[in-house]
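Q: Whatever this is, show me its structure:
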Amino acid sequence: QVQLVESGGGAVQPGGSLRLSCAASGLTLDLYAIGWFRQAPGKEREWVSYISSKDDSTYYADSVKGRFTISKDNDKNTMYLQMSGLKPEDTAVYYCAAQQHGGLLIKLWVRSPTTWWGQGTQVTVSS
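A: Below you'll find the predicted structure:
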């Protein structure tokens, strides 16, 4: 049984930092394209960052570039999202994801039946 379990969310003041973790079981993250998405109230789920399964290249949405860092630990079968310089507009539920078809465009992951999702973790940035 595949499970992706996120942790590390919480409330933080603007400018603060958080590190999200996503522990996987039932699949080997190193064999998948993996990424982080977020969904704010009333908005669609959007991609934040991902790691290519082809060559481990990392990609970031413009809104988080330079502030967020995605990484993975193959030995722990866990991915991470280090977030710094947090802004109120970063407030959302954050989801980790693993995509079986590494060549699939990231924006298509949300509706793809071959995407595995975590349960989500809330990040709130507020003063």
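Q: where are the low-confidence patches of this protein?
A: Low-confidence segments of the chain (pLDDT under 70): none present.
Q: how about 90 then?
A: Applying pLDDT under 90 to the chain flags the ranges 100-107.
Q: From the centroid of it, which residue is nearest?
A: The centre of the chain sits closest to Trp36, judged by Cα atoms, centre = their mean, with a distance of 1.6 Å.
Q: Neighbours of Thr121, how many?
A: Applying other Cβ atoms under 10 Å, we find 22 residues neighbouring Thr121. All C-beta spots, glycine's among them, are computed from the backbone N, C-alpha and C.
Q: Grab the nearest non-local neighbour of it.
A: In this structure, Thr121 finds its nearest non-sequential neighbour in Gly9, 3.3 Å apart by Cβ to Cβ, 6 or more residues apart in numbering.
Q: do Lys54 as well
A: Computed as Cβ to Cβ, 6+ apart, the closest residue to Lys54 that is not its neighbour in sequence is Gly102, at 5.9 Å.
Q: distance of the residue at the greatest distance from the centre of the chain from Trp116?
A: For the chain, the residue at maximal distance from the C-alpha centroid (Cα atoms, centre = their mean) is Ser127, at 23.9 Å. Distance of Ser127 to Trp116, given as Cβ to Cβ, to the nearest Å: 35 Å.
Q: now do Val5
A: To Trp116, Val5 is 11 Å away according to Cβ to Cβ.
Q: ok, how many other residues are close to the nearest residue to Phe68 once chain neighbours are set aside?
A: Distances taken as Cβ to Cβ, 6+ apart place Met83 nearest to Phe68, at 5.1 Å, with adjacent residues excluded. Other residues within reach of Met83, judged by other Cβ under 10 Å, total 26.
Q: didn't the residue farthest from the centre of the chain look like it was pressed against Pro14?
A: Yes: Ser127 lies in contact with Pro14 (Cβ atoms under 8 Å); the separation is 5.8 Å.
Q: Who is Gln39 paired with across the strands?
A: For Gln39, the beta-bridge partners are Val93 (DSSP bridges).
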